[in-house]
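Trainee: structure, please.
(one chain, ligands or ions: 2)
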Amino acid sequence: MIFTIASGKGGTGKTTIAASLALSLAAEQSPPPLFLDCDVEAPNAHLFLHPGLDEQQDVAMLIPSVDEARCTHCGRCAEVCQYHAIAVLGQKTLVFPQLCHGCGSCTALCPEKAITEIPDRMGVVERGPAIAGISFARGVLDVGEPMAVPIIRHLKKWAPALPGQVVIRDTPPGTSCPVVESMRGSDFLLLVTEPTPFGLHDLRLAVQVGREMGIPSGVIINRENGSYPALEGFCSENNLLVLLRIPFERVIAEGVAQGKTLVEIHPEYKVTLWEMFLKIRD
Ligand code: SF4
Ligand code: SF4
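Mentor: Ligands and ions are numbered 1, 2, ... in the order given. Below you'll find the model as predicted:
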């Protein structure tokens, strides 16, 4: 079973909850879960789960390189590139690696076989055992690289689950392409929100994306501090089950700031999260 923990908004406590869920499952299940940190632009789940990242693999994209001696500047490559990553300007054929998606169409369709593909590193994937026997893997996008999706896609393939192993994916914030790629193939979305207008606004977007992808979802309200009728109304109108409510507490905020998970701050959440998991699974 693949759980994806998402939140339209950053800073909702998504990673803390994802790491806490992993620890709760690790206490109850064998094998312990596989945790994938898909927030490749700013991975931070390692701060909570302390993995030994002893295996690494570079992630590269194949970028076209044009042999000007063979190129007739016919323009076919520019015509087929839907990302405008290759252009013919007079007697020059230019490649813009930052726009290239490595689809290979230009190479395949060049009539003069003037294009070869060269690997261009975009980032790295890393994995290793974390606390409580959790299998941990993450992707890290190199600084200045614009495309997170290929790293996330690579991470999902590179770190497969063992038979019967639950997968927990921690997504980037927002609802853009990296989030969609992190959600793809999931069985359930846990949408973490907070009872504020911003939280509700971004929850609406996340729910919409989940629905469009046909993935069932439930809500966790974090930092609850009294009732927020607009959020309750939205959840009931959209048949969204509120699976967990975590109160706004100074002791939780301080613990998280020190790199502690919810289950380390309040051990009773181990049982609460396990029961939530069983409810979703069943
Ligand atoms: S398709 Fe090949 S020959 Fe034509 S412009 Fe592009 S690189 Fe040159
Ligand atoms: S590999 Fe694909 S995206 Fe990149 S330049 Fe060629 S056609 Fe465009």
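Trainee: C-alpha from now on. contacts and neighbour counts both.
Mentor: Noted.
Trainee: hang on, E194 packs against E224?
Mentor: Yes: under the criterion of Cα atoms under 8 Å, E194 makes contact with E224 at 6.8 Å.
Trainee: more neighbours: the two, which one.
Mentor: The neighbour comparison of E194 against E224 (other Cα atoms under 10 Å) goes to E194, with 27 against 17.
Trainee: how about N239, secondary structure?
Mentor: Here N239 is recorded as coil under DSSP: H, G, I helix; E, B strand; the rest coil.
Trainee: quick one: it from I220, how far?
Mentor: Distance, N239 to I220, by Cα to Cα, to the nearest Å: 14 Å.
Trainee: ok, now P160?
Mentor: Here P160 is placed at a distance of 27 Å from I220 (Cα to Cα).
Trainee: please apply the same query to R281.
Mentor: 16 Å.
Trainee: related to what we said a few turns ago, who has more neighbours out of N239 and I220?
Mentor: Between N239 and I220, counting by other Cα under 10 Å, I220 is the more crowded of the two (22 against 11).
Trainee: what helix or strand is that one on?
Mentor: Element membership for I220 (DSSP states H and E) is strand 217-224.
Trainee: partners of that strand, with directions?
Mentor: Partners of strand 217-224 in the sheet, by DSSP bridges, are strand 188-193 (parallel), strand 241-247 (parallel).
Trainee: please identify the deepest-packed of those.
Mentor: strand 188-193 (a mean of 25; mean count of other Cα atoms under 10 Å).
Trainee: and it, how far out from the chain middle?
Mentor: The chain centre lies 13 Å from the centre of strand 188-193; the measure is Cα atoms, centre = their mean, to the nearest Å.
Trainee: same question for stretch 205-221.
Mentor: For stretch 205-221 - counting by Cα atoms, centre = their mean - the centre lies 14 Å from the chain centre.
Trainee: could you do stretch 191-208 as well?
Mentor: 17 Å.
Trainee: contacts for the strand holding I220?
Mentor: 12-13, 188-195, 207, 210, 240-249 (Cα atoms under 8 Å, 6 or more residues apart in numbering).
Trainee: try it again at 7 Å.
Mentor: If you take Cα atoms under 7 Å, 6 or more residues apart in numbering as the criterion, strand 217-224 is touched by 12, 188-195, 240-248.
Trainee: in stretch 165-176, what's buried?
Mentor: Within stretch 165-176, the residues that qualify as buried are Q165, V166, V167, I168, R169, D170, T171, P172, P173, G174, T175, counting by 16 or more other Cα atoms under 10 Å.
Trainee: what's the answer for stretch 176-184, then?
Mentor: P178, V179, V180, E181, S182, M183, R184.
Trainee: then stretch 144-156?
Mentor: Across stretch 144-156, burial judged by 16+ other Cα under 10 Å covers M147, A148, V149, P150, I151, I152, R153, H154, L155, K156.
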